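Colleague: Got a predicted structure here, sequence first:
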There are 2 protein chains.
Amino acid sequence: MPHIRKDPVTKQSVIIASDRTGRPSDYITVKDDKRISNTELNCPFCKGHENITPNASISIFDDNSNWAVRIVPNKYPIIAETKAGELPNTTNLFNASSSKGFHDVIIENPNHNFNFYNAKSEDLLKIFDAVILRLKELYKENDMQYSLYFKNFGREAGASLYHSHSQMITTPFIPIQMFDEINGALEYYNEKSKCVYCDIIAEEKKLNERVICENKEFIAISPFASRFPYQIYILPKKHFDSIIDSSDYNFDFADIVKDVFNRINKLLGEVSFNYVLHTLSPTLKQKEKYSSSNHWFLDIIPKMSKLAGYELGSGVYINSINPEDAARDLRDVSSI
Amino acid sequence: MPHIRKDPVTKQSVIIASDRTGRPSDYITVKDDKRISNTELNCPFCKGHENITPNASISIFDDNSNWAVRIVPNKYPIIAETKAGELPNTTNLFNASSSKGFHDVIIENPNHNFNFYNAKSEDLLKIFDAVILRLKELYKENDMQYSLYFKNFGREAGASLYHSHSQMITTPFIPIQMFDEINGALEYYNEKSKCVYCDIIAEEKKLNERVICENKEFIAISPFASRFPYQIYILPKKHFDSIIDSSDYNFDFADIVKDVFNRINKLLGEVSFNYVLHTLSPTLKQKEKYSSSNHWFLDIIPKMSKLAGYELGSGVYINSINPEDAARDLRDVSSI
């Protein structure tokens, strides 16, 4: 039945409206398969084509000294310093600025057909190791505020290239969603002297309704106020404000990511997805202030629905799958 | 060149990143044409099928006393009072509630193939007249805070039925985007004793870079901090906080809406789109407080791009078309 849930961290309302599956539809769901064939012939991310991309800032190598992961600047960055005269006319009302920033591409594997649905834990580990190395480098950029690491897989999720890659965008501002989360968690901490995410993990384990799977160091849950069908959070069970600080447990992290994508694949097929890392950024200047209250997590969003007018206009999300049902489906699928 | 713009009302950052059109792509753009044929045979919105829908709360009739527009309750509402026992388990951390609310469907025309791209001004006028009548009815609902009128056209924009319709969702809370806008406009008013939208209109007319078209009472612009390619605002030139108060000018409004959709059609074809009405809602209790600072507008979003990980995760939008270029394209197209 439809109801409203409040996100425990940001306090934002989400409308959960399941039981709408009886709705008639005049449209056929189109499978996401309009990929051009033989794209590896001139794929800029394939082994042997390294000269097409800019030089790598980070490379991770395999046992045979071949590269396994490369991080390179995006040739088409969404943030860059703009020459005077290239900005729009500004007035008191109309404020525009350009700024230094970083837009990295993480080429996750030399193999054109590698993806998160066929990956081994060892392959995923190398990707996250590389991301952490790059985050540490960006720590030196004093004028930057946040590095947002994310992935678009599949056309429906906004990917333009098929070869598995993720991205990191480093900006001189904290994106609004991260700002709301960081400050929501701080508010909770100031009131209770506890990390809201640690409390969520304890409560989810007790209720056992939205837990999908766990290993020694990590837990995967359907968030209580999921904005999207089958949205998943993966969190470290111990308190770590940043992914950099938990790097001893990177293998456990890679391992649960592999488990979660196996489950998504079994339940939903090789669906397009986005993921976003929420972490205290090394570039975030007030790390000390937020270290006790913030807790990093990976936010996975399978692309199951289209955002429509209400969401785009209101900023309020409507989710047609109960998070408890999503968790049950993803939990039970392992036995299929 | 990439740069950051701040929305003059909400102060939110938007990243404008044009010049990325040289990016390679492994995917073919699929045209939005997967509609099932002959859907009019059992279309719940067609003339003669009125018994499939609930009774209309509002009907507008043509000169021959046939209905021209009907507003009916959505059979699959996203908001409704839920029986005790049907809510998820709640705790201090996990807050869920159900509530009364209204989810209306506006059946815009008896003709199955009517749409905004082939509409006459007179047809559009009847739709907006009906919407205003319904808004006035909802004024009586003391426990409601906001009525959000919006439209999804085409599968890519989230429509499930082809027959032209729009929706209105009335909630006991003000959606966050409207909350930010209403309060941003109030802040501007408190500082300058002027409506920020009136100032924007004056400045846009002076700069003449982002004006698309205008008639006696309305103006269409590409907003300075457009979140989406070819996003369009239509505003009344005189100050009206709510669409109800400007209903004397409904024909002028219908007329500019028709003009704008003609331009979109000529430039982009019959593209999927969303629109959202931003208005002081009759259900908004503090109408007096916001009457001088708020200014209603229609926000049109042609579906040109997919939201990806950065947008979904960060709440920050990346727009690949300069608003000045969008306005020029839409302005110039009338002469084609």
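Modeller: Okay, I see it. Numbers count the residues shown, from 1 in each chain, chains lettered A, B, ... in the order given.

Colleague: C-alpha only now, for contacts and for neighbours.
Modeller: Will do.

Colleague: residues making contact with the strand or helix carrying A:Leu135?
Modeller: When secondary structure is defined by DSSP states H and E, A:Leu135 falls within helix A:121-138. Helix A:121-138 is contacted from outside by A:57-60, A:68-71, A:106, A:108-109, A:116, A:147, A:243-244, A:247, A:250-251, A:253-255, A:257-258, A:281-283, using CA atoms under 8 Å, 6 or more residues apart in numbering or on different chains.

Colleague: Go again with 6 Å.
Modeller: Counting by CA atoms under 6 Å, 6 or more residues apart in numbering or on different chains, the neighbours of helix A:121-138 from elsewhere in the structure are A:Glu108, A:Ile244, A:Phe251, A:Ala254, A:Asp255.

Colleague: how far out from the middle of the chain is it?
Modeller: Shown here is helix A:121-138, whose average C-alpha point lies 14 Å from the average C-alpha point of the whole chain (CA atoms, centre = their mean, to the nearest Å).

Colleague: Flag every buried residue along it.
Modeller: Of the residues in helix A:121-138, those buried under the neighbour-count criterion (16 or more other CA atoms under 10 Å in any protein chain shown) are A:121, A:123-135, A:138.

Colleague: Repeat that for stretch A:243-258.
Modeller: Neighbour-count burial for stretch A:243-258, with 16+ other CA under 10 Å as criterion, is recorded at A:243-244, A:246, A:249-258.

Colleague: Now do it: distance to the chain's middle.
Modeller: That offset, for stretch A:243-258, works out to 14 Å (CA atoms, centre = their mean).

Colleague: that older thread, okay, among the contacts of helix A:121-138, which ones form the most distant pair?
Modeller: By the measure CA to CA, the contacts of helix A:121-138 have their two most distant members at A:Glu108 and A:Ile244, which lie 18.6 Å apart.

Colleague: need the contact list for the closest residue to A:Ile318 other than its chain neighbours.
Modeller: In space, and not counting its chain neighbours, A:Ile318 is closest to A:Ile15: 4.7 Å by CA to CA, 6 or more residues apart in numbering or on different chains. With CA under 6 Å, 6+ apart as the criterion, the residues that contact A:Ile15 are A:His3, A:Ile4, A:Ile318.

Colleague: between these, which is nearest A:Leu307?
Modeller: Of all those, the one sitting nearest A:Leu307 is A:Ile318; the distance, using CA to CA, is 8.7 Å.

Colleague: Specify the local secondary structure of A:Pro44.
Modeller: Assigned state for A:Pro44: coil (three-state reduction, DSSP: H, G, I helix; E, B strand; the rest coil).

Colleague: how much space between the nearest residue to it once chain neighbours are set aside and A:Arg134?
Modeller: Of all residues beyond its chain neighbours, the one nearest A:Pro44 is A:Ile52 (5.6 Å), with distances taken as CA to CA, 6+ apart. When distance is defined by CA to CA, to the nearest Å, A:Ile52 is 21 Å away from A:Arg134.

Colleague: Need the three-state assignment for A:Ile71.
Modeller: The local conformation at A:Ile71, judged by three-state DSSP, is strand.

Colleague: so where does the residue lying closest to it once chain neighbours are set aside fall, helix or strand?
Modeller: Of all residues not flanking A:Ile71 in the chain, A:Ile106 sits nearest, at 4.4 Å (CA to CA, 6+ apart). Assigning secondary structure by DSSP H and E places A:Ile106 in strand A:102-107.

Colleague: tilt between that strand and helix A:121-138?
Modeller: In terms of direction (axes from the mean of the first three to the mean of the last three CA atoms, to 10 degrees), strand A:102-107 departs from helix A:121-138 by 160 degrees.

Colleague: dump the residue contacts of the residue nearest to A:Ile71.
Modeller: Residues in contact with A:Ile106 (CA under 6 Å, 6+ apart) are A:Arg70, A:Ile71, A:His165, A:Ser166, A:Gln167.

Colleague: Compare those and tell me which is most surrounded.
Modeller: In terms of neighbours by other CA atoms under 10 Å in any protein chain shown, the contacts of A:Ile106 top out with A:Ile71 at 27 neighbours.

Colleague: doesn't A:Arg210 make contact with A:Ala220?
Modeller: No - assessed by CA atoms under 6 Å, A:Ala220 is found out of contact with A:Arg210, at 8.7 Å.

Colleague: So for those two, which residue has more residues nearby?
Modeller: Summary of the neighbour comparison: A:Ala220 and A:Arg210, criterion other CA under 10 Å, with A:Ala220 having more neighbours (27 against 23).

Colleague: Doesn't the more buried one belong to a strand?
Modeller: Yes - note on A:Ala220: a strand contains this position according to three-state DSSP.

Colleague: Secondary structure element for the residue nearest the centre of chain A, which one?
Modeller: Using CA atoms, centre = their mean, the residue of chain A that lies closest to the mean C-alpha position is A:Val276, 1.4 Å off. Secondary-structure assignment from DSSP H and E places A:Val276 in strand A:273-278.

Colleague: Can I get the helix or strand following that strand in PDB? Just the C-alpha atoms.
Modeller: On the C-terminal side of strand A:273-278, the nearest following helix or strand under DSSP H and E is helix A:287-290. Once non-C-alpha atoms are left out, helix A:287-290 reads as follows in PDB (Å, rounded to 0.1, in the frame of the first residue of the first chain):
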ATOM      1  CA  LYS A 287      37.400  15.800   7.600                       C
ATOM      2  CA  GLU A 288      38.000  16.100  11.400                       C
ATOM      3  CA  LYS A 289      34.600  17.700  12.000                       C
ATOM      4  CA  TYR A 290      32.700  14.800  10.200                       C
END
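
Colleague: Rounded mean pLDDT for helix A:287-290, please.
Modeller: Per-residue pLDDT values over helix A:287-290 give a mean of 84.

Colleague: With adjacent residues omitted, what lies nearest to A:Cys198?
Modeller: A:His239 (6.7 Å).

Colleague: Can you tell me the SS state at the one you found?
Modeller: Three-state secondary structure (criterion: three-state DSSP) places A:His239 in coil.

Colleague: which residues touch stretch A:323-332?
Modeller: Outside stretch A:323-332, the residues that touch it by CA under 6 Å, 6+ apart are A:Glu209, A:Arg210, A:Ile212, A:Ser222, A:Tyr230, A:Arg263.

Colleague: Could you rerun that using 10 Å?
Modeller: With contact meaning CA atoms under 10 Å, 6 or more residues apart in numbering or on different chains, stretch A:323-332 is reached by A:16, A:18, A:208-213, A:220-232, A:260-268, A:322, A:333, B:88.

Colleague: Of these, which belong to helices?
Modeller: A:Val260, A:Phe261, A:Asn262, A:Arg263, A:Ile264, A:Asn265, A:Lys266, A:Leu267, A:Leu268 (DSSP state H).

Colleague: out of the contacts of A:Ile15, which one sits closest to chain B?
Modeller: When the contacts of A:Ile15 are compared for distance to chain B (CA to the nearest CA), A:His3 wins out at 4.4 Å.

Colleague: In space, what's closest to the closest one - neighbours in sequence excluded?
Modeller: Taking CA to CA, 6+ apart, and ignoring the residues beside it in sequence, A:His3 has B:Ser98 as its nearest neighbour in space, at 4.4 Å.

Colleague: How about A:Leu307?
Modeller: With CA to CA, 6+ apart as the measure, B:Gly158 is the residue that lies nearest to A:Leu307, at 6.4 Å, once sequence neighbours are left out.

Colleague: Surely that neighbour and B:Phe150 touch.
Modeller: No - contact status for B:Gly158 versus B:Phe150: not in contact, 11.7 Å apart, counting by CA atoms under 10 Å.

Colleague: what touches both of these two?
Modeller: Shared contacts of B:Gly158 and B:Phe150 (CA under 10 Å, 6+ apart): A:Ala308, A:Gly309, A:Tyr310, B:Asn274.

Colleague: Tell me, how many residues neighbour A:Glu191?
Modeller: Using other CA under 10 Å, A:Glu191 has 8 neighbouring residues.

Colleague: for it, helix, strand, or coil?
Modeller: Assigned with three-state DSSP, A:Glu191 falls in the helix class.

Colleague: where's it relative to B:Phe153, distance?
Modeller: In this structure, A:Glu191 and B:Phe153 are separated by 46 Å, where distance is defined by CA to CA.
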